[in-house]
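1. predicted structure and sequence below. I'll ask about it afterward.
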Amino acid sequence: MRESSNGIILHNFAKNVMYYPNFLVELNITMAQYHFQNTHFITSAPNIQAMPEDSGIEVAFAGRSNAGKSSALNALTRQKSLARTSKTPGRTQLINVFEISEGFRLIDLPGYGFAQVPEEIKKQWQKSLSEYLQDRQSLQGIVVLMDIRHPFKDTDNGLIQWAVDCDLPVLALLTKADKLKQGARKAAVLKGRETAKAFGGEVRVEAFSSLKKQGLDILQNTLASWFDQHQAEPLNDQQ
Ligand SMILES: Nc1nc2c(ncn2[C@@H]2O[C@H](COP(=O)(O)OP(=O)(O)OP(=O)(O)O)[C@@H](O)[C@H]2O)c(=O)[nH]1
Ligand SMILES: [Mg+2]
């Protein structure tokens, strides 16, 4: 929420605000609640054609293999094994679709950049991944997860720049933050924010640890704001 110079509260979201000749009036709109803990598995799709209908709003978790995408989804939804995690990179090979409530989805994408995957499979992944990113209308934001010890690799940068160019907001989470001491962690975040300026769009950079539950509130609030911005009509109270 921003505050204008004359102290009137300005909501981020234009649809919540009405303009009168000289005044900005805040409408009494209650923000929707998203019950992330209710998230459930819908399907594993090899390609975009096998995904559920392209309506509603979805946010994708993307990143290199082993970056911690599935772990972050589990931490967010407070479920131990909603998304399958693994020490073996390349565990998530399909587009996994989860639903928070009707019309609100989270997508666990296959990781990229894993050298050991056979060339044929890699090509197939890349195809379904880029198809998904380019053609999915309901995609309204991307969480890019990068290991805090080696973030912003070429493929990460390519994905972030692409998202910015498409006007998609990006939350860049520097994962496994528990692996660094506090000083190094802060330095990595500041450096990441400097790097992110070059993309020129809405790219927020934060430290994250599924293990220590660090950055969960930011993840949760960012997703809620993306969902709020794009929902066409008010949600029915979900429970
Ligand atoms: N220390 C630490 N380890 C983590 C954290 N998050 C994930 N890991 C570990 O990193 C490994 C990979 O995690 P996943 O969540 O499976 O990674 P992914 O990005 O989904 O991997 P793919 O599905 O292969 O693309 C697992 O061994 C996790 O336990 C974290 O916050 N801290
Ligand atoms: Mg995974």
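-> It's in. Ligands and ions are numbered 1, 2, ... in the order given.

2. can you get me a residue count around the nearest residue in space to Leu174 that is not next to it in sequence?
-> In space, Leu174 comes closest to Ile148 once its chain neighbours are excluded; the distance is 3.8 Å by CB to CB, 6 or more residues apart in numbering. In this view, the C-beta of every residue, glycine as well, is placed from N, C-alpha and C. Residues within reach of Ile148, counting by other CB atoms under 10 Å, total 23.

3. which residues does Ile148 contact?
-> Each residue near Ile148 by CB atoms under 8 Å, 6 or more residues apart in numbering is listed here: 174-177, 179-180, 185, 188, 207-208.

4. can you flag the buried ones in those residues?
-> 174-177, 180, 185, 188, 207-208 (16 or more other CB atoms under 10 Å).

5. reformat those as JSON lines; add distance to Ile121.
-> Output for those, formatted as JSON lines (distance: CB to CB, whole Å):
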{"residue": "Leu174", "distance to Ile121": "28"}
{"residue": "Thr175", "distance to Ile121": "24"}
{"residue": "Lys176", "distance to Ile121": "26"}
{"residue": "Ala177", "distance to Ile121": "31"}
{"residue": "Leu180", "distance to Ile121": "33"}
{"residue": "Arg185", "distance to Ile121": "35"}
{"residue": "Ala188", "distance to Ile121": "32"}
{"residue": "Ala207", "distance to Ile121": "32"}
{"residue": "Phe208", "distance to Ile121": "28"}
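
6. and which of those residues is nearest to ligand 2?
-> Closest approach to ligand 2 among these (CB to the ion): Thr175, at 11.7 Å.

7. how close does the nearest residue to that closest one once chain neighbours are set aside get to ligand 2?
-> Counting by CB to CB, 6+ apart, Thr175 lies nearest to Gly68, which is 3.8 Å off, once chain neighbours are set aside. As judged by CB to the ion, to the nearest Å, Gly68 and ligand 2 stand 8 Å apart.

8. ditto for Gly111
-> Distance from Gly111 to ligand 2, by CB to the ion: 6 Å.

9. run a quick neighbour tally on Gly63.
-> Neighbours around Gly63, by other CB under 10 Å: 27.

10. that one: which element?
-> Following DSSP states H and E, one finds Gly63 within strand 57-63.

11. name every strand pairing with that strand and say which way it goes.
-> Paired neighbours of strand 57-63 in the sheet (DSSP bridges): strand 104-108 (parallel), strand 139-147 (parallel).

12. could you give the angle of the very next helix or strand once past the last one to strand 57-63?
-> Beyond strand 139-147 on the C-terminal side, the first helix or strand identified by DSSP H and E is helix 154-165. In this structure, helix 154-165 runs at an angle of 160 degrees to strand 57-63, with axes from the mean of the first three to the mean of the last three CA atoms, to 10 degrees as the basis.

13. quick check: neighbours of the helix or strand following helix 154-165 in the sheet, parallel or antiparallel?
-> Scanning forward in sequence from helix 154-165 by DSSP H and E, the next helix or strand is strand 170-175. In the sheet, strand 170-175 lines up against strand 139-147 (parallel), strand 203-207 (parallel) (DSSP bridges).

14. ok, and what's touching strand 170-175?
-> Applying CB under 8 Å, 6+ apart, the external contacts of strand 170-175 come out as 63, 67-68, 71-72, 141-148, 151, 160, 163-164, 188-189, 192, 196, 199, 201-210, 215, 218-219, 222.
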